[in-house]
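Engineer: Okay, here's the prediction I keep looking at, along with the sequence it came from:
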Amino acid sequence: GASVLWALLLGLACFAGYALRQGHAPRDVALMLWSGVRSVRNILIIFGLIGMLTAVWRASGTLPFIIHHTLQWVDPAYFILWVFLLCCLLSLLLGTAFGSVSTLGVIFMMLARSAGLDELATAGAIMSGIYVGDRCSPVSSSAALVCALTNTNIYANMRRMWTTSALPFALTCAGYLALSLSGPARLAAPDAAGQLDRFFILSGWTLLPAACIVVLSLFRADVKQAMFWSILAGGAVCLTVQGMEPGELFACLAFGYTPAPGAEILAGGGIRSMLQVAGIVLLSSSYSGIFDATDLLSGFGGLIRRLAERIGTFRAMTLASVPVSGISCNQTLATILTAQLCRPQAGHGDPPRKQRHPHSRADPVEHRRQPPLRHARRDDGLPPVCVVFVPCPAGERAAQRPRPRRARTRHLHLTVPPDGPGWSLRLEIPFGGS
């Protein structure tokens, strides 16, 4: 029953001791740990924002409004299908599986039990739905963690996930539709869901925080900015519509929302709710600095690379993730450890991000996914013709440039425009043997 943080602390002490035994100074070991932590600073900020976001959505009435009105859409004849779809919707807005299952999931289980429906099928639909948003929402902590570990863009990842999951999503809907055909004629909403308007003012203003997330995500705004504006809008709704005191609001953001008796299913959120997952990320990421400096995982990386050459990168990383998930029993820890084990394979062959020509006086230029240059081989062994554009100051003439040092190469300089600042075209043509 002990927290996984104690196991991670013990592992950190063991790895730090190994680094010291290898001859590294204590200061160097501390720098190794900091280099790993520094790589996940962004995700730690996002975790704090997610905690405040989930708390303020509860306190402002955004989450109660969604639950209160979406339950009216449920058609009893297709109950299991609606359970799946509405859990998908809520998890996409919240970005958290736990927050969705602890609110709407609990209500759906109450409805299934009171109507005598198959509780196992209902639980399966809930679990399927909540993990759609946990993986594909722009405010998901799991999705943000994967982006931080792989240096990818969350919106590009979402587009790929939705493209590849369209067929499985349609098949899942068809399966839950088949399970829903024997649904009851009517459903009675549980008291906790049907009387939410007693505890909150469920006006249209309560949807403002959710609208901020949706609109800014459609414009592909930075995730931290989208969550910040949603938190700001939610705080304004709490103060003006729900009548909260500023002290209550700050306590809610830090320690989570504490509802009135009768609405306990809405309790939760806050920065405190994210402390454990942030601690897991903090400790696990600190390992990577030691792994890089001591080559502790080089053997595993080589094994995964050889396996990837035989069966493909995706299959190799999948096989590596299965035992890691079974040992860690925690999706956050499993994600980080798998990334650390497979990093040599995942990063193999990545093109350099910056390139500078040796003869150019210009600043390095960022190149975006340009195809590698492919030069045809020549029978005489000479290098190919090289064309380079160089910034040319005003008044500089081609005749004023120094002569090339290499006798076997001829340089032709042209300045455009001739009498002003612009670009110089240098044409290098090799002569003679290699």
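Structural biologist: Arrived safely.

Engineer: only C-alpha atoms for contact and neighbour calcs from this point on.
Structural biologist: Noted.

Engineer: do you know how far residue 116 is from residue 86?
Structural biologist: Separation of residue 116 from residue 86 (Cα to Cα, to the nearest Å): 20 Å.

Engineer: Look at the two and report which has more neighbours.
Structural biologist: Between residue 116 and residue 86, counted using other Cα atoms under 10 Å, the more crowded position is residue 86 (24 against 11).

Engineer: And the more buried one, which helix or strand is it part of?
Structural biologist: In this structure, residue 86 is located in helix 79-94 according to DSSP states H and E.

Engineer: ok, residue 119 touching residue 109?
Structural biologist: Yes - the pair residue 119 / residue 109 is scored as a contact, 6.9 Å apart, by Cα atoms under 8 Å.

Engineer: Give me the more crowded residue out of the two.
Structural biologist: Legend: neighbour count by other Cα under 10 Å for residue 119 and residue 109, higher for residue 109 (21 against 17).

Engineer: in which helix or strand would I find the more buried one?
Structural biologist: According to DSSP H and E, residue 109 maps onto helix 106-115.

Engineer: With residue 216 instead?
Structural biologist: Going by DSSP H and E, residue 216 is in helix 208-218.

Engineer: residues making contact with that helix?
Structural biologist: 57, 62, 93, 138, 223, 226-227, 229-234 (Cα atoms under 8 Å, 6 or more residues apart in numbering).

Engineer: swap in stretch 3-19?
Structural biologist: 29, 276, 279-280, 283-284, 286-287, 290, 294.

Engineer: Could you rerun that using 7 Å?
Structural biologist: The contact list for stretch 3-19 (Cα atoms under 7 Å, 6 or more residues apart in numbering) reads 29, 279-280, 283-284, 287, 290, 294.

Engineer: Can I get it in CSV? Just the C-alpha atoms.
Structural biologist: Taking C-alpha atoms only, stretch 3-19 is exported to CSV below (Å, rounded to 0.1, in the frame of the first residue of the first chain):
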residue,chain,number,x,y,z
SER,A,3,3.2,5.1,-2.6
VAL,A,4,5.3,4.4,-5.7
LEU,A,5,7.2,7.6,-4.9
TRP,A,6,9.1,5.7,-2.2
ALA,A,7,10.2,3.1,-4.7
LEU,A,8,11.3,5.8,-7.1
LEU,A,9,13.3,7.5,-4.3
LEU,A,10,15.1,4.3,-3.5
GLY,A,11,15.8,3.8,-7.2
LEU,A,12,17.2,7.3,-7.5
ALA,A,13,19.5,6.7,-4.5
CYS,A,14,20.8,3.4,-6.1
PHE,A,15,21.4,5.1,-9.5
ALA,A,16,23.1,8.1,-7.9
GLY,A,17,25.3,5.7,-5.9
TYR,A,18,26.2,3.8,-9.1
ALA,A,19,27.2,7.1,-10.8
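
Engineer: Contact partners for the most centrally placed residue in the chain?
Structural biologist: Nearest residue to the geometric centre of the chain (Cα atoms, centre = their mean): residue 144, 2.0 Å. For residue 144, the contact set (Cα under 7 Å, 6+ apart) comprises 43, 154.
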